[in-house]
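S.K.: Generate coordinates for the sequence data below:
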Amino acid sequence: MRLSLQSLILTMSIWLLLTAALRAETIQVDAELVLAVDVSRSMSPAELDIQRRGYAQALVSDEVIDAISDGLLGRVAIQYVEWAGQYNQRILVDWTLIEERADAQAFAEQLLAHASLSMSRTSISGGINFAVSAIDTNAYSGSRRIIDISGDGPNNQGPYVVRARDEALSSGIVINGLPLMTRDGIYSQFDIERLDLYYRDCVIGGPGAFLIPVLSWDEFPEAVRRKIVLELAGGPSSPARIIPTSGSILDLPGGEQDCRIGEKIWEQNRWMWTDP
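M.R.: Alright, predicted model coming up:
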């Protein structure tokens, strides 16, 4: 009995030492940010290219570099992930510590060195769950943990999007959105009238959460830059809100959105041989 107790104490001591060592190796940052970008088949190759270039340009902009420098520690950790269906996620640029312009430039160059590949279906919930795991298991510890998710349609596969969102929020993660409302996709039958309101009610959440709708691809670079600046700069807690890119869209109250609308539309159109 005494030997077993001694073995248990030894095992616990080793575990505590290993845990302490891992914590000591954790890099403190102002924010951990996952850029989760939609690459479902409703996005054309040209649109996928616009997305990558928009993010690359935003990350090296003076506004983003200043937002990073103005943080308490002056450094952030960023990961770039492409997502589509429930099990279709691809890390394009893994967690990177960004402290100065050279770091951001290296991140942008790595991003542009890849070509985006479209994948089937649209699982916002799958993208959120993937991003939560990425944040929980990385080597960084930030005072703010953020998922920045873009997309051109509602969830139509995987777990209920509200459940995925709420589980992320319970872990202290904030979710912001970039709904793409350009209405020039290949699968227009999967569009919904007010994707911004769907994102407001079903996707984003947490202290200070916000979304910036994109009504045309010309707006995309500015929308991305503005969103990343706001995320890295932080701010006071406030209700989830819609921030217009160019004043061309109003935050109409609207009724509460049906957060299962994407699944319902999919069921109505599942006879089609291609998957958006």
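S.K.: all contacts plus neighbour counts: C-alpha atoms, from now on.
M.R.: Fine.
S.K.: Leaving out sequence neighbours, find the closest residue to I124.
M.R.: N155 (5.3 Å; Cα to Cα, 6 or more residues apart in numbering).
S.K.: do the same with Q110
M.R.: Excluding the flanking residues, the one nearest Q110 by Cα to Cα, 6+ apart is V93, at 6.8 Å.
S.K.: Then I128?
M.R.: In space, and not counting its chain neighbours, I128 is closest to A164: 6.5 Å by Cα to Cα, 6+ apart.
S.K.: my guess is the one you found meets G127, correct?
M.R.: No. A164 is beyond contact range of G127, at 9.2 Å (criterion: Cα atoms under 8 Å).
S.K.: Show me which of those two is the more surrounded one.
M.R.: Using other Cα atoms under 10 Å as the criterion, A164 and G127 rank with G127 on top: 28 against 20.
S.K.: so who does that one touch?
M.R.: By Cα atoms under 8 Å, 6 or more residues apart in numbering, the contact list for G127 reads 36, 83-84, 86, 89.
S.K.: how much space is there between it and Q86?
M.R.: Counting by Cα to Cα, to the nearest Å, the separation of G127 from Q86 is 7 Å.
S.K.: check contacts around the residue nearest to I128.
M.R.: Per Cα under 8 Å, 6+ apart, neighbours of A164: 125-126, 128-129.
S.K.: Is it in a helix, a strand, or coil?
M.R.: At A164, secondary structure determined by DSSP: H, G, I helix; E, B strand; the rest coil is helix.
S.K.: on that earlier part again, run a quick neighbour tally on the residue nearest to I124.
M.R.: Applying other Cα under 10 Å, we find 31 residues neighbouring N155.
S.K.: ok, it - contacts?
M.R.: N155 neighbours (Cα under 8 Å, 6+ apart): 122-125, 161, 260-263.
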